[in-house]
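1. Turn this into a structure:
(chains A, B and C)
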Amino acid sequence: MLDTSWLLLNGTILFEIIGTLAFALSGLIEAARKKLDLVGMAMVSGLAAFGGGTLRDILLDRRPFFWVENEIWVWILILICIGALLFMRAQHLEPTARAMQWPDAIGLGAFTAGGTQLALNAGVPAIIAVIMGVLTAIFGGVLRDVVVNEIPKAFSDHIPYSVIAFTGGWVVVGLNFLGAEAFVAVAVAAVFTIVLRVLALLLGWRLPTWRV
Amino acid sequence: MLDTSWLLLNGTILFEIIGTLAFALSGLIEAARKKLDLVGMAMVSGLAAFGGGTLRDILLDRRPFFWVENEIWVWILILICIGALLFMRAQHLEPTARAMQWPDAIGLGAFTAGGTQLALNAGVPAIIAVIMGVLTAIFGGVLRDVVVNEIPKAFSDHIPYSVIAFTGGWVVVGLNFLGAEAFVAVAVAAVFTIVLRVLALLLGWRLPTWRV
Amino acid sequence: MLDTSWLLLNGTILFEIIGTLAFALSGLIEAARKKLDLVGMAMVSGLAAFGGGTLRDILLDRRPFFWVENEIWVWILILICIGALLFMRAQHLEPTARAMQWPDAIGLGAFTAGGTQLALNAGVPAIIAVIMGVLTAIFGGVLRDVVVNEIPKAFSDHIPYSVIAFTGGWVVVGLNFLGAEAFVAVAVAAVFTIVLRVLALLLGWRLPTWRV
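-> Numbers count the residues shown, from 1 in each chain, chains lettered A, B, ... in the order given. Modelled structure (predicted):
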């Protein structure tokens, strides 16, 4: 039998890193569209990147926080923001609203799967673990949208978002129930969630609302 | 002498349940007015229902959270949202801004009284217990309003709201000081707060502001 | 050698008090401009005054909170709000957007320096301590702006704000590294930060943004 603790540890850290970078990028694009200054960019990127994981850690009472323990990520975030600012000014790029959707989809998958697995490891019931995964995945984006004064896209864009995260969380739970390795469960659920979100965006899936 | 621990436990849980359901309903109505999708409805209802209690538990360092310990409430919330969506679409109901006021008043009373009592039990000073009660009662509604991009009604509608919660919190403190059972203190203060809020709404009481 | 524990303790408490009062005043002015009612004023002032320190304490896992331990501050805040309301109505004062900048600058310096020092005392790495100082200084103002439905000034006004806090945090780290007393480090960094912010306001310094 394999020693899976190493895989688990590195597996969830791997997806935390992917999700963090993807959400940082989405925050960067949103900050650029809103013409925020350099510090506003770093703040909005930082909220998008670290907000969901920090909320999850507060709710699960896990300390120290990911970004406190791994200070290198704060430096990376600062460098990315300066680099992006210089690059975009040099290239005269105009970021569009749609450009943000792709890194956002990757972050959604990575954080849903990783967050659900971490909550399961902490011993909470399945539905709570799934909710924690969903919160991890969407809270950063909600903060990102609230601070730039928009109704969070997660609540209002009518293209499935949280409901896809919710589904992806249950994939993690199901694979754990079937005895899969934690790393496998996270990887499969992350890819599943990302593919579902990309399909929803490309095919224009809509959620039921009040009056069609 | 009666064994009051059972009463206290079930008393505060009873009011937590009443407040949670009432605020969930208020979130549902707000989400419907803003034409959010199914997931947005569940999120806004969930923030309204669990937001205040979760903040109180973070501030008092109480773990695990109410909704983590009692996962059944998450399921009930999801079912209520689906049911409400189906019902409102079938009936072509248009929720009004005023419709939200009544469940909101019930939630205000239940959470103020229960939150203040829980904080008193945790041993904090009276004024802090009252503030905790007020925060429990209004924070869910503040989150509900902030995420749909409005100035929270608790801060701006000029009809007494938090000040009524503040008064209700002191009723809990006073009754505890007079030696009342915790359950009695919570029940009396909750009814007192609800009646005061309903009177304020019906009679159009106004708070002092900057220029009359 | 002097006993510095008393100085340290009273030094950081002194700056916590200055920062709290300064931010409470800024919240009061913002609430008055938005024509909030008495309770809205108390809430927005309270969020501005206690928001940053509470977030810092949640992130560092410090309990009990400053305002829970020192209930007198809650009473002072309530009295200040009532006094300000009566005074402004009697004088027919119209608070301006610029009036808020001066107490805000003082709060920025006091909270940046005190927050960074407290985080250093808790043993976190330098960059994290600086981020904690910045969060302490700006989070109250961010809450204040978000609840009255504006994009936080810290993110969008293009006059250096967080970047000045960031600089001031490094002054605390540098002085600690050079072996300065904690009280001296906090005092020097606080004054440095306030002067820098006032200069930025008076001289109209601008941060780089996307298109000049």
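2. Helices of chain A, start to end?
-> Here chain A has its helices, by DSSP state H, at A:4-33, A:38-60, A:66-69, A:72-91, A:101-121, A:126-147, A:153-156, A:162-177, A:182-203.
3. Let me know which of the ones you listed is the nearest to residue C:201.
-> With respect to residue C:201, and counting by Cβ to Cβ, the nearest of the helices of chain A is helix A:38-60 at 15.4 Å. All C-beta spots, glycine's among them, are computed from the backbone N, C-alpha and C.
4. For the residue positioned nearest the centre of chain A, give me its contacts.
-> What sits nearest the mean C-alpha location of chain A, by Cα atoms, centre = their mean, is residue A:107, with 3.5 Å. By Cβ atoms under 8 Å, 6 or more residues apart in numbering or on different chains, the residues touching residue A:107 are A:18, A:19, A:20, A:22, A:23, A:26, A:48, A:137, A:140, A:141.
5. can you pick the most crowded of the residues you listed?
-> Counting neighbours by other Cβ atoms under 10 Å in any protein chain shown, residue A:137 leads these with 34 neighbours.
6. Go ahead and confirm that residue touches residue A:52.
-> Yes: between residue A:137 and residue A:52 there is a contact under Cβ atoms under 8 Å: 6.1 Å.
7. what do the two both touch?
-> Each of A:19, A:111, A:115 lies in contact with both residue A:137 and residue A:52 under the rule Cβ under 8 Å, 6+ apart.
8. Thought residue A:21 was touching the second one, still the case?
-> Spelled out, it's residue A:111. No: taking Cβ under 8 Å as the definition, residue A:111 is not a contact partner of residue A:21, at 11.3 Å.
9. which secondary structure elements does the helix or strand bottoming out on mean pLDDT in chain A contact?
-> Using mean pLDDT, DSSP states H and E, helix A:153-156 stands out as the lowest-scoring helix or strand of chain A, at a mean of 72. Helices and strands touching helix A:153-156, by 3 or more Cβ pairs under 8 Å, 6 or more residues apart in numbering or on different chains; DSSP states H and E, are helix A:126-147, helix B:38-60.
10. Now distance to residue B:78 too, for those helices, in CSV please.
-> As requested, the helices and strands packed on helix A:153-156 are exported to CSV (distance: least, Cβ to Cβ, whole Å):
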stretch, distance to residue B:78
helix A:126-147, 9
helix B:38-60, 6
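11. wait, which of those helices is closest to residue B:149?
-> Taking Cβ to Cβ, helix A:126-147 is the member of these nearest to residue B:149, at 8.2 Å.
12. what's that closest one packed up against?
-> For helix A:126-147, the packing partners by 3+ Cβ pairs under 8 Å, 6+ apart are helix A:4-33, helix A:38-60, helix A:101-121, helix A:153-156, helix A:162-177, helix B:72-91, helix B:126-147, helix C:126-147.
13. Switch those helices over to JSON lines; also include distance to residue C:190.
-> Converted to JSON lines, those look like this (distance: least, Cβ to Cβ, whole Å):
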{"stretch": "helix A:4-33", "distance to residue C:190": "29"}
{"stretch": "helix A:38-60", "distance to residue C:190": "20"}
{"stretch": "helix A:101-121", "distance to residue C:190": "37"}
{"stretch": "helix A:153-156", "distance to residue C:190": "39"}
{"stretch": "helix A:162-177", "distance to residue C:190": "43"}
{"stretch": "helix B:72-91", "distance to residue C:190": "45"}
{"stretch": "helix B:126-147", "distance to residue C:190": "28"}
{"stretch": "helix C:126-147", "distance to residue C:190": "10"}
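14. between these, which gets the lowest average pLDDT?
-> Mean pLDDT values for the helices and strands packed on helix A:126-147 show the minimum at helix A:153-156, a mean of 72.
15. Using PDB, write out the CA atom coordinates for that one.
-> Provided in PDB are the C-alpha atoms of helix A:153-156 (Å, rounded to 0.1, in the frame of the first residue of the first chain):
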ATOM      1  CA  LYS A 153     -21.500  37.400 -10.400                       C
ATOM      2  CA  ALA A 154     -21.800  34.200  -8.400                       C
ATOM      3  CA  PHE A 155     -25.300  35.300  -7.300                       C
ATOM      4  CA  SER A 156     -26.600  37.000 -10.400                       C
END
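16. roughly how far is it from the heart of the chain?
-> 14 Å (Cα atoms, centre = their mean, to the nearest Å).
17. cool, stretch A:112-124 as well?
-> On Cα atoms, centre = their mean, the centre of stretch A:112-124 falls 14 Å from the chain's centre.
18. Pull the residues that contact that stretch.
-> Residues contacting stretch A:112-124 (Cβ under 8 Å, 6+ apart): A:8, A:12, A:15-16, A:19, A:52-53, A:56, A:60, A:62, A:126, A:128-130, A:132-137, A:165, A:168-169, A:171-173, A:176, A:182, A:185-187, A:189-190, A:193, B:64, B:68.
19. again, 6 Å this time
-> A:12, A:15-16, A:56, A:60, A:129-130, A:132-133, A:136-137, A:165, A:168-169, A:172, A:176, A:182, A:186, A:189-190, A:193 (Cβ atoms under 6 Å, 6 or more residues apart in numbering or on different chains).
20. Sort out which residues of that stretch are buried, please.
-> Within stretch A:112-124, the residues that count as buried by 16 or more other Cβ atoms under 10 Å in any protein chain shown are A:112, A:113, A:114, A:115, A:116, A:117, A:118, A:119, A:120, A:124.
21. need the contact list for the closest residue to the fifth one other than its chain neighbours.
-> The shortest distance from residue A:116 to any residue that is not its chain neighbour, by Cβ to Cβ, 6 or more residues apart in numbering or on different chains, is 3.1 Å, and that residue is residue A:133. Contacts were defined as Cβ under 6 Å, 6+ apart; by that measure residue A:133 touches A:112, A:115, A:116, A:169.
22. what about the nearest residue to the last one once chain neighbours are set aside, neighbour count?
-> The one in question is residue A:169. What sits nearest to residue A:169 in space, not counting adjacent residues and going by Cβ to Cβ, 6+ apart, is residue A:130, at 3.4 Å. Using other Cβ under 10 Å, the number of residues around residue A:130 comes to 26.
23. shouldn't residue A:130 be in contact with residue A:168?
-> No: the pair residue A:130 and residue A:168 does not pass the contact test of Cβ atoms under 6 Å, sitting 8.8 Å apart.
24. Pop out the phi and psi values for residue A:63.
-> With angles defined as degrees, to the nearest 10, residue A:63 sits at phi -130, psi 160.
25. Please work out how many residues are found near the residue nearest to it when sequence neighbours are not counted.
-> Nearest in space to residue A:63, with sequence neighbours left out and distances taken as Cβ to Cβ, 6+ apart, is residue C:61 at 5.6 Å. Number of residues near residue C:61 (other Cβ under 10 Å) recorded here: 13.
26. Appreciated, that's everything.
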